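Chemist: sequence isn't available, so here's the structure alone:
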């Protein structure tokens with residue numbers, strides 16, 4: 001299947017050499033050069049041809065810049081696929097200048113046209129966009145923000161992607177200073193789309209959907225939010241197809257994002273933190289019932305911190321804690337559990353003297369006592385001093401269609417232990433870790449310091465394929481509907497298996513919440529290899545063969561689990577198909 005794609009780089013390299021002519025092209029030490037970025041990722045080119053019909057491209061210039069428009073036009077003329085036309089929407093005072101720019105490139109190309117808007121009329125620009133899109137005859141339209149430009153084969157890719165999608169976006173690179181920085185993205189994440197304008201500055205949308213959701217509105221991010229609330233199919237093209245100038249992905253409109261949350265009856269708001277990151281902050285529902293299950297065996301010094309983290313949690317009034325004691329023998333541990341039972345009616349302790357089977361132990365805890373709305377599985381070596389952590393985790397279930405939520409786990413020294421699980425058979429690292437082959441799944445960001453992940457897309461609140469059961473909140477009904485943890489997976493991968501069953505069999509989404517930061521102690525000494533057996537790996541490999549054969553759509557095929565750039569990897573037809581979302585029922589949890 002990989003033969004259906006060819007790797008072409010020449011035009012990309014020539015393009016960037018021209019674009020950055022006179023500038024030094026070598027970025028910071030250790031990073032690839034400009035040529036290497038585009039050689040590796042810029043031009044994975046489809047051999048198959050898109051359907052007939054040109055793609056209309058609408059460039060909206062809120063503030064007219066002759067240099068930016070000229071650059072965009074020159075890049076448009078350099079497309080290897082000529083099935084396009086471009087409409088420039090500019091302030092009326094700049095119409096003549098726009099025509100001059102078109103003529104200055106030395107061609108008389110009828111594919112370019114200019115529409116104007118009156119700066120003195122409120123919302124005139126977006127109304128003109130709506131009128132222009134309404135006048136087009138094609139099925140889709142490309143919308144570009146001022147300053148955006150396309151790499152040479154972008155039109156071919158976007159025309160291919162539109163065939164089966166209502167919204168198409170791609171990876172991009174940002175030129176800031178002397179060199180470009182690639183922005184590699186996951187497949188469609190409606191939660192991430194609420195929090196930051198990660199789809200970027202150039203997208204293709206289906207015309208009928210554009211009008212159905214109310215048109216262009218306040219801009220691309222506003223349009224994306226409204227489209228995500230609709231029943232749409234989204235395609236992510238994991239190639240560097242768009243260039244823009246700036247420092248990072250555009251920030252989100254927190255007012256618009258909060259409005260989306262409230263419109264969906266979610267008791268939450270989107271706030272901007274001190275580091276500039278936008279996050280969903282949940283206020284929580286007093287009526288929701290929460291059961292926390294803590295498996296344990298001795299190690300009272302660990303258990304005490306985990307238990308106190310639960311019992312001190314604020315704003316979760318309907319709370320119960322079930323400790324499942326898997327054969328503790330130490331008198332201090334037994335005495336502590338007896339004291340807990342005597343002093344806090346929210347606590348229960350049940351005994352399980354069988355051999356260690358994490359799945360069985362957790363299932364027993366979940367089944368004990370009355371059912372709750374939400375069940376939280378928490379290792380006895382996980383703790384926090386944050387008293388809002390449980391309310392934040394539980395709040396996500398207010399969004400609907402959420403099956404599970406996980407937290408950011410850190411070693412005692414502050415390094416990352418878990419920021420979501422990457423699920424695929426092979427995940428290459430920029431560093432030499434064995435031969436680069438990792439079994440089934442791996443913790444994203446494992447071992448990184450906070451400065452290495454700050455500001456990255458992958459340390460945002462977002463959909464993931466799986467999270468670790470060291471701290472896993474689940475919708476109790478969904479947990480029971482899929483049969484709980486598989487007790488045939490006694491030691492590991494039962495959490496990955498559970499998450500995949502919730503996603504694939506029960507149409508639920510899994511959320512990673514970077515704002516819930518917990519300390520995970522024991523894994524620091526045990527390491528990340530775990531105790532996988534050949535039998536466990538065989539079960540997972542057979543059960544999830546189709547899922548494991550492609551790269552994890554909730555991550556980027558170009559980024560390793562430690563957030564370094566992977567060796568070049570051809571994106572074949574199967575992977576492209578996997579990165580086209582199904583109709584968003586589970587996925588659009590925040591925006592339905």
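Modeler: That came in fine, so what should we check first? Here the structure is a predicted model, which means the values were calculated and not measured. Residues are numbered from 1 along each chain as shown.

Chemist: where do the helices sit along the stretch 251-400 of the chain?
Modeler: Assigned by DSSP state H, counting those that start in this stretch, the helices in the stretch 251-400 of the chain fall at 254-263, 300-311, 331-343, 358-367, 389-395.

Chemist: buried set for the fourth one?
Modeler: Pointing back at helix 358-367 there. 358, 359, 360, 361, 362, 363, 364, 365, 366 (16 or more other CB atoms under 10 Å). For glycine as for every other residue, the C-beta is placed from the backbone atoms N, C-alpha and C.

Chemist: what are the contacting residues of it?
Modeler: 291, 293-295, 322-324, 326, 350, 352, 354, 375, 377, 469, 476, 479, 484-492, 494 (CB atoms under 8 Å, 6 or more residues apart in numbering).

Chemist: coming back round to it: do you know which of the helices of the stretch 251-400 of the chain lies nearest residue 448?
Modeler: When the helices of the stretch 251-400 of the chain are compared by CB to CB, helix 389-395 sits nearest residue 448, at 21.1 Å.

Chemist: which elements pack onto the closest one?
Modeler: In this structure, helix 389-395 makes packing contacts with strand 278-282, strand 289-296, strand 374-378, strand 402-410, strand 471-475, strand 509-520, judged by 3 or more CB pairs under 8 Å, 6 or more residues apart in numbering; DSSP states H and E.

Chemist: who does the fifth one touch, helix- and strand-wise?
Modeler: Read it as strand 471-475. strand 374-378, helix 389-395, strand 402-410, helix 494-506, strand 509-520.

Chemist: closest to residue 139 out of these?
Modeler: strand 509-520 (28.5 Å).

Chemist: parallel or antiparallel, which strands does that closest one pair with?
Modeler: strand 382-383 (antiparallel), strand 402-410 (parallel), strand 462-464 (antiparallel) (DSSP bridges).

Chemist: could I have the buried ones of the contacts of helix 358-367 as PyMOL selection syntax?
Modeler: Those of the contacts of helix 358-367 that count as buried under 16+ other CB under 10 Å are selected in PyMOL with:
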select buried, resi 291+293+294+295+322+323+324+326+352+375+377+469+476+479+484+485+486+489+490+492+494
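
Chemist: re the thing from before, and of the strands paired with strand 509-520, who's closest to residue 104?
Modeler: It is, among those and with distance given as CB to CB, strand 462-464, at 42.9 Å.

Chemist: next one: that closest one to chain centre, how far?
Modeler: Centroid separation between strand 462-464 and its chain, computed with CA atoms, centre = their mean, to the nearest Å, is 5 Å.

Chemist: and if you look at stretch 553-569?
Modeler: 13 Å.

Chemist: now it: mean pLDDT?
Modeler: Averaged over stretch 553-569, pLDDT sits at 74.

Chemist: also stretch 148-167?
Modeler: Here the average pLDDT along stretch 148-167 is 88.

Chemist: same check, this time on stretch 461-473
Modeler: Taken as a whole, stretch 461-473 has a mean pLDDT of 96.

Chemist: again with stretch 384-394
Modeler: 95.

Chemist: check which residues of that stretch are buried.
Modeler: 384, 386, 388, 389, 390, 391, 392, 393, 394.

Chemist: for stretch 401-411, same thing?
Modeler: 401, 402, 403, 404, 405, 406, 407, 408, 409, 410, 411.

Chemist: the fifth one pairs with what?
Modeler: Following DSSP bridges, residue 405 is listed with bridge partners residue 473, residue 511.

Chemist: residue 348 is in contact with residue 322, isn't it?
Modeler: Yes: taking CB atoms under 8 Å as the definition, residue 348 is a contact partner of residue 322 at 5.0 Å.

Chemist: ok, back up a step: got the helices and strands packed on strand 471-475 as TSV, with distance to residue 269 columns?
Modeler: Below are the helices and strands packed on strand 471-475 laid out as TSV (distance: least, CB to CB, whole Å):
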stretch	distance to residue 269
strand 374-378	21
helix 389-395	11
strand 402-410	18
helix 494-506	27
strand 509-520	13
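
Chemist: and the ones you listed: which comes nearest residue 71?
Modeler: Of all these, strand 509-520 comes closest under CB to CB, at 35.5 Å.

Chemist: just the mean pLDDT for the closest one, thanks.
Modeler: 95.

Chemist: cool, and stretch 257-268?
Modeler: 68.

Chemist: ranges for the strands of the stretch 1-150 of the chain?
Modeler: Taking DSSP state E, counting those that start in this stretch as the criterion, the stretch 1-150 of the chain carries its strands at 5-7, 44-46, 55-60, 84-91, 112-117, 140-145, 149-150.

Chemist: quick one, which of these is nearest to residue 540?
Modeler: Nearest to residue 540, of the strands of the stretch 1-150 of the chain and by CB to CB, is strand 5-7 at 28.4 Å.

Chemist: now do that closest one, average pLDDT.
Modeler: The model assigns strand 5-7 a mean pLDDT of 25.

Chemist: what's the pLDDT at residue 171?
Modeler: For residue 171, pLDDT reads 89.

Chemist: tell me what angle the helix or strand harbouring it forms with strand 140-145.
Modeler: In the assignment (DSSP states H and E), residue 171 maps to strand 167-176. Here strand 167-176 runs at an angle of 20 degrees relative to strand 140-145 (axes from the mean of the first three to the mean of the last three CA atoms, to 10 degrees).

Chemist: partner strands of strand 167-176 and their direction?
Modeler: Here, using DSSP bridges, strand 167-176 pairs with strand 179-183 (antiparallel), strand 202-206 (antiparallel), strand 234-245 (parallel).

Chemist: which among those strands is found nearest to residue 312?
Modeler: Once the strands paired with strand 167-176 are compared by CB to CB, strand 179-183 is nearest, at 39.6 Å.

Chemist: number of nearby residues for the nearest residue to residue 325 once chain neighbours are set aside?
Modeler: Excluding the flanking residues, the one nearest residue 325 by CB to CB, 6 or more residues apart in numbering is residue 351, at 5.3 Å. Neighbour count for residue 351, taken as other CB atoms under 10 Å: 13.

Chemist: what sits against the residue nearest to residue 314 when sequence neighbours are not counted?
Modeler: Sequence neighbours aside, residue 387 is the residue nearest to residue 314 in space, at 4.5 Å (criterion: CB to CB, 6+ apart). By CB under 8 Å, 6+ apart, the contact set of residue 387 is 312, 313, 314.

Chemist: where does residue 387 fall, phi/psi-wise?
Modeler: phi -90, psi 0 (degrees, to the nearest 10).

Chemist: what about the stretch 51-200 of the chain, any weak spots by pLDDT?
Modeler: For the stretch 51-200 of the chain, the stretches flagged by pLDDT under 70 are 51-52, 106-107, 120-123, 177-179.

Chemist: which one of the strands of the stretch 1-150 of the chain lies closest to residue 282?
Modeler: Comparing those by CB to CB, strand 140-145 comes nearest, at 31.3 Å.

Chemist: distance of the residue nearest to residue 314 from residue 273?
Modeler: Separation of residue 387 from residue 273 (CB to CB, to the nearest Å): 18 Å.

Chemist: which of the contacts of residue 387 sits closest to residue 448?
Modeler: Distances from residue 448 to these, taken by CB to CB, are shortest for residue 313, at 27.4 Å.

Chemist: just give me the neighbour total for the closest one.
Modeler: Quick note: residue 313 (other CB under 10 Å) scores 22 neighbours.

Chemist: again with the one 4 residues further on
Modeler: Summarising burial for residue 317: neighbours were counted as other CB under 10 Å, giving 11.
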